[in-house]
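Asks: When you get a sec, could you give me coordinates for this:
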Amino acid sequence: MLKALCVLILPGFLAGSGLAAERRLLLENVDVTGSQRLPTAFLERELHLTPGVSVTEEELTADRNRLLGTGLFQSVQFFLSKGQNPGEARLKIELVDDPGVFGTWAWGGSLGLTQDEGASDQFSGEFNPLSARAQIISRNLFNSLHRASAAVDYDGQGIMRGFHVAYGFPRFSKESVQFDARMEAADAQARYLDILGFGARGQAYWTFDQDNGTRLQYGLAIYMNNRGERFSLPGFPRTLIGPKVGLYRENRLLSFRPSEGYAYGASVILNSQGFHKMGYELEGAVTEGLWGQSMLTAQVQGLSVGFESLSYRGSLRWEQPLPILDEASDPGIYLQFTHGADHYKDYRYEGREARLGLRFHSAGLIADIALAFRTLPESMKDVLEQEWEP
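Replies: Got it, this is the predicted structure:
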């Protein structure tokens with residue numbers, strides 16, 4: 001979490017020079033100091049703040065916000081001073097790295113002890129209550145703010161129950177454009193709440209920043225339920241493939257924990273066969289601060305294919321920081337309740353989970369140890385041997 005937002009831009013200098021905010025100012029010199037994670041040349045290139053470039057106060061504010069939005073710095077300060085010639089200025093950017101935020105690489109994982117309730121005899125014979133998840137994350141790949149992550153999820157019997165891989169371009173540029181790609185899958189019978197209508201989902205999309213924190217996203221989505229395989233939801237549509245267009249807005253600052261605020265979005269996966277074959281997605285989240293720095297987050301996500309299906313996941317999560325380690329590790333406990341359901345034609349599934357856990361992280365380590373009680377959809381056993389929808 002950003003611990004300090006200290007930004008100084010000197011509008012008085014512009015006024016003193018007789019330059020209104022909308023007038024452009026020529027940069028005579030740019031000096032970036034304080035960061036061990038990002039080379040000065042990269043910052044100058046990505047922000048387009050190089051000697052000879054003309055800028056306005058509004059553009060400098062936007063550049064400041066992009067730097068803060070990376071979540072890598074405790075503080076960002078912009079200083080303007082007069083240049084040698086009229087209408088020119090010297091810009092100094094002072095950065096302070098956040099030691100509690102991931103550097104080039106961060107290793108992570110979770111260890112869980114799970115009690116399954118209400119599962120069928122067929123399922124309970126397959127499941128081991130222990131599960132382990134290993135993950136590797138980079139928020140500063142190649143020392144140029146490229147992002148990447150990969151994770152695998154195994155149960156106590158050594159069976160892989162889920163995975164994901166993701167990659168993204170830097171989160172800031174002069175054009176406010178970024179690219180992300182992600183592929184993920186989960187075993188519907190063992191990790192029911194980790195899926196949403198489809199056992200495997202892949203998407204690649206561009207994001208364009210708009211006014212007031214709104215983002216326009218478009219790209220390609222491929223959602224799949226492969227016949228008879230573990231990474232599938234029995235009885236549901238086999239595929240949902242097409243261009244994806246959506247709008248998303250968020251005013252929370254995301255780091256290890258989200259700040260107070262909200263997020264919401266909507267998207268459509270287009271299909272030439274008509275509205276009944278299109279995919280519709282909605283999501284929303286709100287985070288509120290409580291006592292003693294604790295936070296409460298409510299989140300919901302929904303997906304429908306046409307007008308005859310509905311899949312949703314909703315969760316309520318309470319987090320409380322703990323002063324048991326150094327500040328950079330930011331340890332805390334959490335309690336989370338999750339409910340999910342999927343409805344398509346005559347197929348109905350429902351699952352619930354209550355989870356109590358301990359999380360902590362540092363610049364190179366993320367850990368999660370949890371105890372979970374969950375209910376899996378018993379009705380899934382009735383359709384495992386049936387012919388799947390085409």
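Asks: Show me what the helix or strand hosting His343 is packed up against.
Replies: Assigned by DSSP states H and E, His343 belongs to strand 332-344. The contact analysis (3 or more CB pairs under 8 Å, 6 or more residues apart in numbering; DSSP states H and E) places strand 332-344 against strand 309-321, strand 347-361. C-betas here are computed from N, CA, C, even on glycine.
Asks: out of those, nearest to Ala372?
Replies: Ranking the helices and strands packed on strand 332-344 by their distance to Ala372 (criterion: CB to CB) puts strand 347-361 first, at 4.4 Å.
Asks: List the buried residues for the strand holding His343?
Replies: Residues of strand 332-344 classed as buried: Gly332, Ile333, Tyr334, Gln336, Thr338, His339, Gly340, Asp342, His343, Tyr344 (neighbour count, 16 or more other CB atoms under 10 Å).
Asks: partner strands of that strand, parallel or antiparallel?
Replies: Strand 332-344 pairs in its sheet with strand 309-321 (antiparallel), strand 347-361 (antiparallel), by DSSP bridges.
Asks: pLDDT score for Thr338?
Replies: Thr338 carries a pLDDT value of 97.
Asks: Pull the contacting residues for it.
Replies: By CB atoms under 8 Å, 6 or more residues apart in numbering, the residues touching Thr338 are Leu193, Arg313, Gly314, Ser315, Arg352, Glu353, Ala354, Arg355.
Asks: Select only the buried ones of those residues in ChimeraX?
Replies: Selection of buried members from those for ChimeraX, criterion 16+ other CB under 10 Å:
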select :193,313,315,352,353,355
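Asks: any chance of the contacts of Thr338 in JSON lines, plus pLDDT?
Replies: As requested, the contacts of Thr338 are exported to JSON lines (pLDDT from 0 to 100):
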{"residue": "Leu193", "pLDDT": "93"}
{"residue": "Arg313", "pLDDT": "97"}
{"residue": "Gly314", "pLDDT": "97"}
{"residue": "Ser315", "pLDDT": "97"}
{"residue": "Arg352", "pLDDT": "93"}
{"residue": "Glu353", "pLDDT": "94"}
{"residue": "Ala354", "pLDDT": "94"}
{"residue": "Arg355", "pLDDT": "94"}
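Asks: the strands in the stretch 201-350 of the chain, which residues?
Replies: Taking DSSP state E, counting those that start in this stretch as the test, the strands found in the stretch 201-350 of the chain are 214-224, 239-250, 261-269, 279-289, 295-305, 309-321, 332-344, 347-361.
Asks: Same list (those strands) but as JSON lines, adding distance to Ala89.
Replies: JSON lines is the format used below for these (distance: least, CB to CB, whole Å):
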{"stretch": "strand 214-224", "distance to Ala89": "31"}
{"stretch": "strand 239-250", "distance to Ala89": "33"}
{"stretch": "strand 261-269", "distance to Ala89": "34"}
{"stretch": "strand 279-289", "distance to Ala89": "39"}
{"stretch": "strand 295-305", "distance to Ala89": "41"}
{"stretch": "strand 309-321", "distance to Ala89": "41"}
{"stretch": "strand 332-344", "distance to Ala89": "43"}
{"stretch": "strand 347-361", "distance to Ala89": "39"}
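Asks: What residues are bridge-paired with Tyr347?
Replies: Residues in a beta bridge with Tyr347, per DSSP bridges, are Tyr344.
Asks: how many neighbours does it have?
Replies: 19 (other CB atoms under 10 Å).
Asks: What distance do you get for it to Gly197?
Replies: For Tyr347, the distance to Gly197 equals 11 Å [CB to CB, to the nearest Å].
Asks: and Gly112, what is it in contact with?
Replies: The neighbours of Gly112, taking CB under 8 Å, 6+ apart as the test, are Leu130, Ser131, Ala132, Arg133, Ile369, Ala370, Leu371, Ala372.
Asks: partners of the host helix or strand of it in the sheet?
Replies: If you go by DSSP H and E, Gly112 is part of strand 106-117. Partners of strand 106-117 in the sheet, by DSSP bridges, are strand 130-141 (antiparallel), strand 365-375 (parallel).
Asks: Can you name the next helix or strand after the longest one?
Replies: Heading C-terminal from strand 130-141, the first helix or strand you meet, by DSSP H and E, is strand 146-155.
Asks: who does the helix or strand that that following strand is followed by pair up with?
Replies: Counting by DSSP H and E, the next helix or strand C-terminal to strand 146-155 is strand 160-168. Strand 160-168 has the following strand partners under DSSP bridges: strand 146-155 (antiparallel), strand 177-186 (antiparallel).
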